[in-house]
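Trainee: here is the input, now give the coordinates:
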Amino acid sequence: MAGVVQSVQALASSLAALPPEFVRPEHERPRATTFLGASPLQIPVVDMSLPDAGCRMVEAATEWGIFQAVNHGVPADAVVELQRVGQEFFALPQEEKQRYAMDPASGKTEGYGSTVQRSPGDKKMWSDFLFHNVSPPAAVNHGFWPDKPRGYRQANEAYCGHMRRLTREVLERLSAGLGLEEGAMAEAFGGGEDGLVLMQKVNFYPPCPQPELALGFAPHTDLCALTVLVANGVPGLQVSKDGLWCDVEHVPGALIVNVGDQIEIFSNGRYRSVLHRATVSREKTRMSWPVFVEPRREYVVGPHPRLVAGEIPAKYDYKAKTFENYRYCRINKLPQ
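Mentor: You can find the predicted model right below:
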């Protein structure tokens with residue numbers, strides 16, 4: 001692996017005040033922009049074991065773009081093991097983590113990295129990460145997977161198996177909610193069982209000396225189709241609803257599922273890609289484990305033809321742009 005990671009984790013242990021490059025503008029600071037009503041807004045909770053689960057997912061995707069899934073069938077011990085190996089990786093000496101350093105100059109997105117290494121002039125974000133593909137087998141490069149801690153590969157492969165089942169079920173329910181065949185969305189994005197790309201990320205947000213001035217991750221929508229996330233119980237995820245930033249109060253045992261850009265576009269705007277951000281804590285380390293579901297690289301971005309038929313216009317026109325092009329433009333902040 002190439003490159004040297006300038007990590008927030010290493011920086012955090014030696015700071016009493018936040019360096020200027022991490023200080024957000026006034027209008028972006030979490031204390032000034034978070035909704036502080038008498039009762040917090042609650043994102044939908046969907047019990048996937050109930051007969052109305054599909055309808056509840058569709059409602060949540062339409063109104064919020066996010067929901068918390070309970071009774072989702074992912075064993076608790078698989079989640080615990082995934083979290084164990086992620087936590088132990090970030091507890092390794094810095095020189096060990098550096099073995100997996102990503103190389104931004106190469107355009108590769110996999111490996112160990114930090115938001116400290118952003119373009120000159122950009123505000124830095126208070127987080128480090130580990131990022132690699134977990135499915136399908138043809139997209140996996142185990143060179144990006146750590147040898148330590150013990151059991152890292154087994155934990156990620158086991159969790160990936162559960163994610164393949166869960167994300168396919170969500171895609172089927174959302175397809176049906178559009179009046180399409182259950183397999184329409186997965187087939188368009190992946191062209192078969194092994195077409196969808198699943199990427200596992202571990203986000204690490206260490207304690208911050210001035211959390212009221214910083215963000216772990218700036219406001220964004222996910223450029224993928226779908227994201228499934230589990231966190232370590234430390235608050236930090238916020239979503240934008242009706243112009244207000246709201247804390248996501250995590251339900252124990254739940255998985256957070258959010259709609260990404262590709263589903264919003266595919267649905268011709270009937271589902272929404274949720275705008276979200278991450279805040280940080282003064283005393284506690286927050287970690288999260290999102291799995292991103294991406295279409296195949298050659299997928300042509302656009303609404304499903306049956307959703308723009310007749311008098312319904314297409315809200316999105318990317319002029320036959322592939323997902324690979326779309327992704328490149330988003331990452332490099334180029335016009336779409």
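
Trainee: next, Ala69: secondary structure please.
Mentor: On the three-state scheme (DSSP: H, G, I helix; E, B strand; the rest coil), Ala69 is labelled strand.

Trainee: actually Glu212, not the one I typed
Mentor: helix.

Trainee: just give me the neighbour total for it.
Mentor: 14 (other Cβ atoms under 10 Å). All C-beta spots, glycine's among them, are computed from the backbone N, C-alpha and C.

Trainee: quick check: it touching Glu28?
Mentor: No - under the criterion of Cβ atoms under 8 Å, Glu212 makes no contact with Glu28, lying 11.5 Å away.

Trainee: ok, which stretches of the stretch 151-300 of the chain are helices?
Mentor: Assignment of helices within the stretch 151-300 of the chain using DSSP state H, counting those that start in this stretch yields the ranges 152-177, 184-190, 261-266.

Trainee: quick one, which of the ones you listed is nearest to Arg272?
Mentor: Checking the helices of the stretch 151-300 of the chain against Arg272 by Cβ to Cβ gives helix 261-266 as the closest, at 5.7 Å.

Trainee: packing partners for that closest one?
Mentor: helix 184-190, helix 323-331 (3 or more Cβ pairs under 8 Å, 6 or more residues apart in numbering; DSSP states H and E).

Trainee: so can I have CSV of those helices showing distance to Met48 and mean pLDDT?
Mentor: Conversion of the helices and strands packed on helix 261-266 to CSV gives the following (distance: least, Cβ to Cβ, whole Å; pLDDT from 0 to 100):
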stretch, distance to Met48, mean pLDDT
helix 184-190, 17, 94
helix 323-331, 27, 91
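
Trainee: as CSV, those helices with distance to Ala17 would be great.
Mentor: Formatted as CSV, the helices and strands packed on helix 261-266 follow (distance: least, Cβ to Cβ, whole Å):
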stretch, distance to Ala17
helix 184-190, 45
helix 323-331, 31
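
Trainee: what is the least confident helix or strand in the protein?
Mentor: helix 30-33 (a mean of 84; mean pLDDT, DSSP states H and E).

Trainee: output that helix as PDB, restricted to C-alpha atoms.
Mentor: What follows is helix 30-33, C-alpha atoms only, in PDB (Å, rounded to 0.1, in the frame of the first residue of the first chain):
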ATOM      1  CA  PRO A  30     -23.700  21.600  15.200                       C
ATOM      2  CA  ARG A  31     -24.700  23.600  18.300                       C
ATOM      3  CA  ALA A  32     -26.100  26.400  16.200                       C
ATOM      4  CA  THR A  33     -28.000  24.300  13.700                       C
END
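
Trainee: return the set of buried residues in the helix or strand following that helix.
Mentor: For helix 30-33, the following helix or strand on the C-terminal side (DSSP states H and E) is strand 45-47. Neighbour-count burial for strand 45-47 flags Val46 (criterion: 16 or more other Cβ atoms under 10 Å).

Trainee: who does the next helix or strand after strand 45-47 touch, helix- and strand-wise?
Mentor: Using DSSP H and E, the helix or strand that directly follows strand 45-47 along the chain is helix 53-63. Here helix 53-63 touches strand 45-47, strand 66-70, helix 152-177, going by 3+ Cβ pairs under 8 Å, 6+ apart.

Trainee: locate the closest residue to Gly151 other than its chain neighbours within the secondary structure: which element?
Mentor: Spatial nearest neighbour of Gly151, excluding adjacent residues (Cβ to Cβ, 6 or more residues apart in numbering): Val85 at 5.8 Å. Assigned by DSSP H and E, Val85 belongs to helix 76-90.

Trainee: show residues contacting the helix or strand following that helix.
Mentor: Once the chain leaves helix 76-90, the next helix or strand it forms, by DSSP H and E, is helix 94-97. Helix 94-97 has contacts (Cβ atoms under 8 Å, 6 or more residues apart in numbering) with Val5, Ser7, Gln9, Ala10, Phe89, Phe90, Tyr112, Lys148.
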